[in-house]
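Asks: Next one to model:
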Amino acid sequence: MTNKIFMALTFIGVPLSVIGTVMHWPSIILFVLYCLTIIALSSFMGRATESLAIVAGPRIGGLLNATFGNAVELIISVFALKAGLVGVVLASLTGSVLGNLLLVAGLSFFIGGLKFKRQEFNVFDARHNSGLLIFAVMIAFVIPEVFSMNMNETKTITLSIGISVILIFLYLAALFFKLVTHRGVYQPSGETEGHEEEEPEWGKRKAIAVLFIATIAVAYISEHLVHTFEYVAESFGWTELFIGVIIVAIVGNAAEHASAVLMAYKNKMDVAVEIAVGSTLQVAMFVLPVLVLISLFFDQTMPLLFSWQELIAMISSVLLMVVISNDGETNWFEGLTLLAAYIIMGIGFFLL
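Replies: Next up is the predicted model:
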């Protein structure tokens with residue numbers, strides 16, 4: 001039923017988005033239309049990556065889902081950078097970290113926990129990811145903010161570039177560690193056994209084709225979505241920070257939201273956690289550094305500097321997630337705790 005709704009939204013939303021853009025419909029109508037269409041397209045990306053995950057296993061599947069889910073946000077962010085909306089980009093990346101760790105993981109733990117009293121996932125992966133989360137957010141994000149207080153703009157950009165290169169290198173090294181040198185060393189939890197027997201919804205070629213077409217459609221719509229931000233902010237009295245942290249982050253991560261919750265409902269917690277935490281790591285250690293480097297080619301460069309509110313929110317989210325996930329098991333109450341934290345931060349950013 002849900003798939004049919006998303007299919008209808010896609011086949012109606014994509015043509016209407018093109019028509020509305022050409023005919024210059026009111027910005028508020030276009031904003032809603034673009035967001036709904038991107039979410040519908042993200043559902044196809046989620047289904048395609050789920051099919052590939054069945055073939056490739058939980059780690060590769062989670063990585064693919066996070067990568068193509070973050071591709072939406074990366075595309076939106078590049079066009080926002082081109083338009084000079086650096087504040088929106090940084091806020092959307094903050095929102096992505098908060099959304100994945102608190103909203104996506106929280107919903108997954110909560111929905112899965114309502115069906116299963118106790119759900120397990122790979123504790124070794126959880127601890128490995130915890131270390132990377134602490135490094136990326138509590139070291140790589142805090143250091144530029146602290147040191148830039150006594151630096152001019154040129155030195156701040158230089159520091160941001162250096163940290164970005166290190167983050168990208170470490171992220172690639174982490175993938176090499178998990179998928180090559182230590183593949184199979186840390187055995188996944190028993191709940192993943194037998195998943196290989198499940199039939200994928202789509203074959204490999206069809207799944208890849210759907211991902212490719214959906215990504216192109218999202219790229220087109222995202223470029224025009226960015227141009228509606230200013231009008232929407234003025235109409236509703238929203239700040240760039242709120243639009244980035246909440247609206248853009250939710251729309252940009254719609255694929256992960258749907259896929260992670262579905263995986264948790266099916267008790268495939270290794271995949272669900274890999275999507276939520278793996279996506280956060282990819283945003284913090286790859287997407288954001290890449291955007292810093294890409295910004296060098298635009299009129300306005302983007303330093304690796306967040307506001308103190310954004311930093312404290314991300315650090316709090318990381319610490320809460322580390323404490324909850326480090327035992328390798330979860331339940332509905334832990335999911336509800338993560339969701340409560342997200343709502344509190346959402347209210348804060350709305351009122352800021």
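Asks: so how far is I76 from A219?
Replies: Taking C-beta to C-beta, to the nearest Å as the criterion, A219 is separated from I76 by 9 Å. In this view, the C-beta of every residue, glycine as well, is placed from N, C-alpha and C.
Asks: before we move on, what about L52?
Replies: Separation of L52 from I76 (C-beta to C-beta): 23 Å.
Asks: higher neighbour count, those two?
Replies: Legend: neighbour count by other C-beta atoms under 10 Å for L52 and I76, higher for I76 (27 against 22).
Asks: Let me know the pLDDT of F116.
Replies: Per-residue pLDDT puts F116 at 89.
Asks: give me phi/psi at it?
Replies: phi -120, psi 130 (degrees, to the nearest 10).
Asks: which residues sit in contact with it?
Replies: N267 (C-beta atoms under 8 Å, 6 or more residues apart in numbering).
Asks: my guess is V78 contacts L291, does it?
Replies: Yes. Taking contact to mean C-beta atoms under 8 Å, the distance of 7.2 Å between V78 and L291 places them in contact.
Asks: Settle it for me: which of those two has more neighbours?
Replies: Neighbour totals were compared for V78 and L291, and L291 leads with 23 against 20 (other C-beta under 10 Å).
Asks: end-to-end on stretch 137-155?
Replies: Start to finish, the residues bounding stretch 137-155 are 21 Å apart (C-alpha to C-alpha, to the nearest Å).
Asks: same question for it, mean pLDDT?
Replies: Per-residue pLDDT values across stretch 137-155 average out to 88.
Asks: any weak-confidence spans in the protein?
Replies: Applying pLDDT under 70 to the chain flags the ranges 1-2, 56-59, 61-62, 65, 69, 184-198, 252-256.
Asks: Now do the strands in it.
Replies: Counting by DSSP state E, residue ranges of the strands within the chain are 119-120, 329-330.
Asks: who wins for proximity to L107 among those strands?
Replies: For the strands of the chain, the distance to L107 is smallest for strand 329-330, at 12.0 Å, taking C-beta to C-beta.
Asks: Give me the residues contacting the closest one.
Replies: For strand 329-330, the external contacting residues (C-beta under 8 Å, 6+ apart) are 109, 112-113, 118-121, 269, 324.
Asks: Mind checking which of those are in helices?
Replies: In helices, defined here by DSSP state H, the members of those are 109, 112-113, 269, 324.
Asks: Mind checking which of these are buried?
Replies: Judged by neighbour count, with 16 or more other C-beta atoms under 10 Å as the criterion, the buried members of the ones in helices among the contacts of strand 329-330 are 109, 112-113, 269, 324.
Asks: which one of those sits closest to V226?
Replies: Within the set of those, F109 lies nearest V226; the separation is 32.7 Å, counting by C-beta to C-beta.
Asks: Tell me the spatial nearest neighbour of that closest one, not counting adjacent residues.
Replies: Closest residue in space to F109, ignoring its immediate chain neighbours: G335 at 2.9 Å, by C-beta to C-beta, 6 or more residues apart in numbering.
Asks: check contacts around that neighbour.
Replies: For G335, the residues meeting the contact criterion (C-beta under 8 Å, 6+ apart) are 105-113.
Asks: repeat that with 7 Å
Replies: G335 makes contact with 106-110, 113 under the criterion C-beta atoms under 7 Å, 6 or more residues apart in numbering.
Asks: Against L102, how distant is it?
Replies: Separation of G335 from L102 (C-beta to C-beta) stands at 10 Å.
Asks: Show me the longest helix that occurs in the protein.
Replies: With DSSP H applied, the helix covering the greatest number of residues in the chain is identified as helix 27-56.
Asks: Give me the helices and strands touching that helix, please.
Replies: helix 2-23, helix 58-82, helix 204-226, helix 229-236, helix 249-252, helix 254-265 (3 or more C-beta pairs under 7 Å, 6 or more residues apart in numbering; DSSP states H and E).
Asks: and with 10 Å instead?
Replies: Judged by 3 or more C-beta pairs under 10 Å, 6 or more residues apart in numbering; DSSP states H and E, the packing partners of helix 27-56 are helix 2-23, helix 58-82, helix 204-226, helix 229-236, helix 249-252, helix 254-265, helix 269-282.
Asks: buried stuff in the fourth one?
Replies: Okay, so that is helix 229-236. Burial within helix 229-236, assessed by neighbour count using 16+ other C-beta under 10 Å, is assigned to 229, 232-233.
Asks: Any idea how many residues pack against the closest residue to S164 other than its chain neighbours?
Replies: Setting aside the residues directly before and after it, S164 is nearest to P289 in space (C-beta to C-beta, 6+ apart), at 3.4 Å. The local packing of P289 (other C-beta under 10 Å) involves 25 other residues.
Asks: same thing with I75?
Replies: By other C-beta under 10 Å, neighbour count at I75 equals 22.
Asks: Would you mind confirming that it makes contact with H224?
Replies: No. Under the contact definition of C-beta atoms under 10 Å, I75 does not touch H224, with a separation of 11.7 Å.
Asks: Do I have it right that S325 meets L101?
Replies: Yes. Look at S325 against L101 with C-beta under 10 Å: they come within range, at 9.4 Å.
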